[in-house]
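Chemist: A predicted structure for the sequence below; I have some questions about it.
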Amino acid sequence: MEQRFIDWLVSEVGVDPRNDVGIGDDAAVMRPPAGRRTVLCTDMLCEGVHFPASPGYDPRAVGRKAIAVNLSDVAAMAGRPESAVVSVALPRRGGQHVGEHLLAGMLEEARRFGVALVGGDTTSWDGPLVVNVAMLGSVVPGRVWRRDGAREGDVLLVTGACGGSLLGRHLAVQPRVTEARLIAEMVTVHAAIDISDGLALDLSRMLEASGCAAEVDLALIPIHPDAVAAAEAEPTKGTACDRALGDGEDFELLLSLAPAEAEKLLAAHEHGTLAGWPGTSLTEIGRVVAGRGMVGIAEDGSRSVLPPRGYLHAFN
Ligand SMILES: [Mg+2]
């Protein structure tokens, strides 16, 4: 089965002129874009954790997500996605069907963002579907967005809206690749992270790396309608705002910028002068201050400690 699958895959993927050797050989040979640094990331999706267990998942949607979550990581570094390799452990039963639809979804998402699939590995086993993508991108030297660069006095911005992604958005990830490129072209960003495990948790990671604290204006947090619906369906699991802070898998960008840069960006966004901007909202949610930890400020001005809630991949 494997050779037939690989032959099909090679013919589907085709040749990308950016590479000397693409899919189908022992390894790919790339030509790095001149004058740029290489960005490299990887992300694994497991059946029952990152998508529903069989038969509850659509392999094409899983394929799209596997590429999209890596695109989100490249975007969060201000990188331009270039190419990817894919490893798949297919379930023995029904693996051919799953594999073909999975790869079709991957190709669809990769083509949408100009990413070449340059290789991979396929195996089958008695376990569930596991898929891993490693992605290469490129970035202008000195213009990379790290998570440890936030500074006291910075303004915190977030793209899109958060919370309730389990209602379906977690399988329809919209990586903010274009938004990241346009922002990087216009302003200096001190620090950035993509929201994979939860706004509060990923913000705490940025602050910890940067050695700073933050004040978050709770009333300004962009709450997705899915978070409102989820909170109404299960009121014991927190308010819509709690869900926006802690649900995760939003794959929005969280940015820390000097106030003047944030103002410039927000004005351009508001006046629609960011040519090619996909229509994603952009919201100021707070500021970076000296110290450690996070404080939530309610609409009435009351302050409370904001716990770094989110999704933790526990093991022991
Ligand atoms: Mg990330």
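Modeler: Everything's here; your move. Numbering: from 1, shown residues only.
Chemist: how's this structure carved up into domains?
Modeler: Annotated domains of the chain cover 2-139, 155-305 [automatic domain parsing].
Chemist: List just the one of the ones you listed that sits closest to residue 315.
Modeler: Set against residue 315 and scored by C-beta to C-beta, these come closest in domain 2-139, at 11.7 Å. All C-beta atoms are positioned from the backbone trio N, CA, C, and that covers glycine.
Chemist: need the domains of the chain in a markdown table with mean neighbour count, can you?
Modeler: Listed next are the domains of the chain as a markdown table, based on neighbours: other C-beta atoms under 10 Å:
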| stretch | mean neighbour count |
| --- | --- |
| domain 2-139 | 18 |
| domain 155-305 | 19 |
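Chemist: in the stretch 1-150 of the chain, what residue is nearest the ion?
Modeler: residue 73 (4.5 Å; C-beta to the ion).
Chemist: That residue contacts residue 133, correct?
Modeler: No - contact criterion C-beta atoms under 8 Å: residue 73 and residue 133 do not qualify, at 10.1 Å.
Chemist: Mind listing the shared neighbours of the two?
Modeler: residue 43 (C-beta atoms under 8 Å, 6 or more residues apart in numbering).
Chemist: my guess is residue 115 meets residue 84, correct?
Modeler: Yes - the pair residue 115 and residue 84 passes the contact test of C-beta under 8 Å, sitting 5.4 Å apart.
Chemist: any common contacting residues for those two?
Modeler: Shared contacts of residue 115 and residue 84 (C-beta under 8 Å, 6+ apart): 67, 135.
Chemist: for this protein, which spans come out with low pLDDT?
Modeler: Along the chain, segments meeting pLDDT under 70 span 1-2, 316.
Chemist: Past the lengthiest strand in it, which element shows up next along the chain?
Modeler: As assigned by DSSP state E, the longest strand anywhere in the chain is strand 80-91. Counting by DSSP states H and E, the next helix or strand C-terminal to strand 80-91 is helix 95-112.
Chemist: Just list what that following helix packs against, helices and strands only.
Modeler: If you count contacts as 3 or more C-beta pairs under 8 Å, 6 or more residues apart in numbering; DSSP states H and E, helix 95-112 packs onto helix 2-13, helix 59-75, strand 80-91, strand 116-125.
Chemist: contacting residues around residue 229?
Modeler: 164, 167.
Chemist: cool, and residue 310?
Modeler: Contacts for residue 310 (C-beta under 8 Å, 6+ apart) come out as 197-202, 245-248.
Chemist: hmm, back to that, mind putting the domains of the chain in JSON lines, distance to residue 149 included?
Modeler: Shown next, in JSON lines, are the domains of the chain (distance: least, C-beta to C-beta, whole Å):
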{"stretch": "domain 2-139", "distance to residue 149": "11"}
{"stretch": "domain 155-305", "distance to residue 149": "4"}
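Chemist: With adjacent residues omitted, what lies nearest to the residue in the stretch 101-250 of the chain that the ion sits nearest to?
Modeler: The ion sits closest to residue 194 of the stretch 101-250 of the chain, with a gap of 4.3 Å, by C-beta to the ion. Of all residues not flanking residue 194 in the chain, residue 76 sits nearest, at 3.8 Å (C-beta to C-beta, 6 or more residues apart in numbering).
Chemist: which residues does the residue of the stretch 1-150 of the chain closest to the ion contact?
Modeler: 41, 43, 135, 194.
Chemist: follow-up on the earlier one: would you turn the helices and strands packed on helix 95-112 into CSV with distance to residue 258?
Modeler: Shown next, in CSV, are these (distance: least, C-beta to C-beta, whole Å):
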stretch, distance to residue 258
helix 2-13, 43
helix 59-75, 21
strand 80-91, 24
strand 116-125, 36
